[in-house]
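1. this is a predicted model, with the sequence first.
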Amino acid sequence: MQSLALIEVHGWAASMAVLDAAEKAAEVVLEQVELNDLLGACMKLSGESAAVETSVSAAIEMARQLKASCVARALLSPDQKAWKVIEAPPEFSPLMECNVVFTPGKSSSASPEKPVNGNGSFALGLIETQGLTAVLEAIDAACKAASVEVVGREKLGGGYVTVIIKGDVAAVKAAIEAGKARVDSLGKLIAAHVIARPSEGVLGLLPK
């Protein structure tokens, strides 16, 4: 049985940046992402033991650079009986109006979103705020500042909302900077990141 990386990060935007770093560091496959009640996401990646350990190290380092709370662990050849709780069933939260368990390649009948198409030859921008007004103001400013496409938004509970845009690297960077500047007076900025050439797992988690 392959080994498993468990990477739990506070915040959706930081989770996507950490996932991107983990996938680019080693040959691992994203199996599932599960949201928790602590405003975080637990990502489960499989691969050979050495690859899993490398991805965990890369995830911890990226989280450190982002100053994001992160707990990461490599489970080497997890026991088959443990999979009963490691692998979570599909779940949709009516309160947050979103899935709380994401499995790449599988859609929930309660929320039939499709992944973004593309080979990753573009950049993604993410702005996460605590407060809906702040994030809507931010995305409006971002769209006015540069030629970018709005991918969608994700809720994480606790008022945390992330908006996601895509475009070429320069445009996305300019848009994210413009969006960040509009948040301060309206809400709390949790995170703002640009991911160049996003990894397959990140792309698989994005709404169309």
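-> Noted; the coordinates are in hand. Residues are numbered from 1 along each chain as shown.
2. quick one: residues contacting residue 144.
-> residue 178 (Cβ atoms under 8 Å, 6 or more residues apart in numbering). Bear in mind the C-beta positions are built from the backbone N, C-alpha and C, glycine included.
3. if you set the cut-off to 6 Å instead, what comes out?
-> Neighbour list for residue 144: empty [criterion: Cβ atoms under 6 Å, 6 or more residues apart in numbering].
4. run the chain-centre distance for the helix or strand hosting residue 152.
-> Applying DSSP states H and E as the criterion places residue 152 in strand 149-157. Using Cα atoms, centre = their mean, to the nearest Å, the mean C-alpha position of strand 149-157 is found 10 Å from that of the whole chain.
5. next SSE after that strand?
-> Per DSSP H and E, the helix or strand that comes after strand 149-157 is strand 160-167.
6. phi first, then psi, for the residue lying closest to residue 57 once chain neighbours are set aside.
-> Excluding the flanking residues, the one nearest residue 57 by Cβ to Cβ, 6 or more residues apart in numbering is residue 25, at 7.4 Å. The phi and psi values for residue 25, taken as degrees, to the nearest 10, are phi -80, psi -20.
7. count residues in the vicinity of residue 25, would you?
-> Neighbour count of residue 25, defined by other Cβ atoms under 10 Å: 18.
8. contacting residues for it?
-> 54, 55, 58.
9. pop the domain breakdown of this structure in here.
-> 3-102, 123-204 (automatic domain parsing).
10. adding mean pLDDT, write those domains out as JSON lines.
-> Output for these, formatted as JSON lines (pLDDT from 0 to 100):
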{"stretch": "domain 3-102", "mean pLDDT": "92"}
{"stretch": "domain 123-204", "mean pLDDT": "93"}
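11. from the chain's centroid, how far away is the lengthiest helix in the chain?
-> With secondary structure taken from DSSP state H, the chain has its longest helix at helix 49-66. How far helix 49-66 lies from its chain's middle: 15 Å, per Cα atoms, centre = their mean.
12. show me what that helix is packed against.
-> strand 3-10, helix 12-25, strand 70-75 (3 or more Cβ pairs under 6 Å, 6 or more residues apart in numbering; DSSP states H and E).
13. buried set for it?
-> For helix 49-66, a neighbour-count test (16 or more other Cβ atoms under 10 Å) marks 51-63, 66 as buried.
14. quick one: which of those residues is nearest residue 125?
-> residue 66 (14.6 Å; Cβ to Cβ).
15. wait, the closest one sits on residue 15?
-> No - counting by Cβ atoms under 6 Å, residue 66 sits too far from residue 15 to count as a contact (10.1 Å).
16. how about residues contacting stretch 190-199?
-> By Cβ under 6 Å, 6+ apart, stretch 190-199 touches 11, 13-14, 17, 20, 23-24, 120, 123-130, 169, 172-173, 176, 180.
17. kindly report the same for stretch 46-57.
-> So stretch 46-57 is contacted by 2-5, 22, 25-29, 31, 45, 72, 74, 76 (Cβ under 6 Å, 6+ apart).
18. stretch 150-165 now?
-> Under Cβ under 6 Å, 6+ apart, the answer for stretch 150-165 is 12-13, 39, 96, 98, 116, 125-128, 130-132, 135, 139, 148, 166, 175, 206-207.
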